[in-house]
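Peer 1: sequence isn't available, so here's the structure alone:
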């Protein structure tokens, strides 16, 4: 009771904050990374995984959810994956990404300036 099940599209880890948390946990476990301290046994993983996940503070998890919502906002506006990634990076401090026309104009200008160099 009180839970919501969200079905996310396959191969879109940017929409899943749990994937971001797992990525954070795998590479920040005591500055050595999960892969460097595991021996490949299930019993070791049962011990290490909770330790890795507990290292992530609530504020960082909040940022993961915020980033996922930005991606959802960008996709809702009709942007493709590359455009959405650009928009999320450009508007990272805002509550939502900008207008699709504004983002596409900025990307076109950026592409044109690269072509001139």
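Peer 2: Here it is on my side, so go on. Quantities reported herein were computed from a predicted structural model and do not represent experimental measurements.
Peer 1: next, the buried residues of the biggest helix by length in the chain.
Peer 2: Selection of the longest helix in the chain by residue count, based on DSSP state H, yields helix 58-76. Within helix 58-76, the residues scored as buried using 16 or more other C-beta atoms under 10 Å are 61, 64, 67-75. In this view, the C-beta of every residue, glycine as well, is placed from N, C-alpha and C.
Peer 1: name the helices or strands packed onto that helix?
Peer 2: Judged by 3 or more C-beta pairs under 8 Å, 6 or more residues apart in numbering; DSSP states H and E, the packing partners of helix 58-76 are helix 17-28, helix 81-90.
Peer 1: can you add mean pLDDT and give those back as a markdown table?
Peer 2: Below are these laid out as a markdown table (pLDDT from 0 to 100):
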| stretch | mean pLDDT |
| --- | --- |
| helix 17-28 | 83 |
| helix 81-90 | 86 |
